[in-house]
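*Asks:* Let's see this in three dimensions:
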Amino acid sequence: MRIKQSGILLFSLILSSAVFFGCARPNFSSTWRDHTIVINGKYTDFGNATAYYDEGKKVTLSLYNDNDFLYICLISRNHKMESQLMDSGFLAWFDPDGGKKKVIGIRFPLGMKTMGMSLAEGGRSREDWESKEDETGAEEEKDRAAARRRQRDFDKRLEAVEGLQEEVEIITGPDKAGRIKLSLEDAAKQGIEAKTGRQNGYFVYALKVPLIKTSQHQYAIGSKKERLIGLGMEIASPDIGTPEKGAGHDKPSEEDSMPQRRGSGGWMSEGFQLWATVTLTREK
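*Replies:* Reported below is the predicted structural model:
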């Protein structure tokens, strides 16, 4: 009963806090962190700090900040997106000037493909399995039950690979010198924490990133006094990761930095990409 009530509460919070955007780059506002947030692959600590909700994509984005850190929580029931994310990896980009430059990026998870593995089994992805179940809706129950068993097996594979994600990649430049991989433990010493998990049937991605660069936190967003930052999020692919060498890392063009194919609110119709301006909240 408690789990069911928790799921209903989350759904209510999403609906009451949802903000919908048109084709222009959305502007999000983070919530001041007035309680402890643990990056543990659960959405519980993020409460009702919903910055964005996309009903079609089944994705919710929650943001908190204090004077030192930005906390990000992405919650989804989009199984195709979850499969792509765990298979190819996920990137969060930050621009301290509130624009669209890929100044610093954090890749987590790195993705199964970087380990020479894949979530696809027998050449078939979860999308294939779900499509088959939809197409055979009028067939015998035993066929639908077999499709559901395949989905449950795929879920178990997803849960298993989450435990294999032990590194974070930090990207600060267009070549190998601008990439560094840290264990989750070493990244935490730099103030960067990342985790994926599940809660009440939702896939959860959580990230904590330092706002200000210090001797202790050398990999930080570098936010300015204007309290505006640019936030980009995308599923990684072989040709997505760092700005092209010819573009110039410090001042890439709008075309080099932004997604090329966009749907409503900045989401791509294929894959998963978003770029938004985030207004950081000041201490009350």
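
*Asks:* which SS state does the closest residue to residue 45 other than its chain neighbours fall under?
*Replies:* Closest residue to residue 45 in three dimensions, ignoring its sequence neighbours and counting by C-beta to C-beta, 6 or more residues apart in numbering: residue 37, at 4.4 Å. Using the backbone N, CA and C atoms, a C-beta is placed for each residue, glycine as well. Per DSSP: H, G, I helix; E, B strand; the rest coil, the local secondary structure of residue 37 is coil.

*Asks:* What residues does residue 37 make contact with?
*Replies:* Applying C-beta atoms under 8 Å, 6 or more residues apart in numbering to residue 37 gives the contacts 45-46, 64, 71, 208.

*Asks:* Residue ranges in this structure under the pLDDT threshold?
*Replies:* When residues are selected by pLDDT under 70, those of the chain lie in 1-24, 119-140, 147, 151, 154-155, 157-164, 238-271, 284.

*Asks:* one more time with 90
*Replies:* Where the chain drops to pLDDT under 90, the residues are 1-26, 47-59, 77-88, 111-166, 173-177, 197-203, 223-227, 236-274, 282-284.

*Asks:* any idea how far the spatially closest residue to residue 110 that is not a sequence neighbour lies from residue 225?
*Replies:* Closest residue in space to residue 110, ignoring its immediate chain neighbours: residue 89 at 5.0 Å, by C-beta to C-beta, 6+ apart. In this view, residue 89 and residue 225 are 33 Å apart by C-beta to C-beta, to the nearest Å.

*Asks:* Those two: which has the busier surroundings?
*Replies:* Taking neighbours as other C-beta atoms under 10 Å, residue 89 and residue 225 compare with residue 89 leading, 23 against 5.

*Asks:* Format the CA atom coordinates belonging to the helix or strand hosting residue 74 as CSV.
*Replies:* Element membership of residue 74, judged by DSSP states H and E, is strand 69-76. Extracted in CSV, the C-alpha atoms of strand 69-76 (Å, rounded to 0.1, in the frame of the first residue of the first chain):
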residue,chain,number,x,y,z
PHE,A,69,26.1,22.0,-6.0
LEU,A,70,23.5,21.3,-8.6
TYR,A,71,21.3,18.2,-8.1
ILE,A,72,19.6,16.6,-11.1
CYS,A,73,17.1,13.8,-11.2
LEU,A,74,15.6,12.4,-14.4
ILE,A,75,12.7,10.0,-13.9
SER,A,76,11.2,7.9,-16.8
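
*Asks:* hey, where'd the strands end up in the chain?
*Replies:* 27-29, 31-32, 50-54, 59-65, 69-76, 90-95, 104-107, 167-171, 179-183, 193-199, 202-210, 228-235, 273-279 (DSSP state E).

*Asks:* what would those strands look like in CSV with mean neighbour count and distance to residue 144?
*Replies:* Shown next, in CSV, are the strands of the chain (neighbours: other C-beta atoms under 10 Å; distance: least, C-beta to C-beta, whole Å):
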stretch, mean neighbour count, distance to residue 144
strand 27-29, 16, 40
strand 31-32, 16, 43
strand 50-54, 22, 29
strand 59-65, 24, 27
strand 69-76, 23, 24
strand 90-95, 22, 32
strand 104-107, 22, 38
strand 167-171, 21, 39
strand 179-183, 14, 43
strand 193-199, 19, 24
strand 202-210, 22, 24
strand 228-235, 22, 30
strand 273-279, 21, 34
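
*Asks:* can I get these in TSV with distance to residue 153?
*Replies:* Output for these, formatted as TSV (distance: least, C-beta to C-beta, whole Å):
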stretch	distance to residue 153
strand 27-29	37
strand 31-32	38
strand 50-54	28
strand 59-65	25
strand 69-76	20
strand 90-95	23
strand 104-107	28
strand 167-171	26
strand 179-183	30
strand 193-199	16
strand 202-210	17
strand 228-235	23
strand 273-279	30
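
*Asks:* And stretch 213-230, end to end?
*Replies:* Stretch 213-230 has its terminal residues 16 Å apart, counting by C-alpha to C-alpha, to the nearest Å.

*Asks:* Could you list the buried residues of that stretch?
*Replies:* 217, 219-223, 228-230 (16 or more other C-beta atoms under 10 Å).
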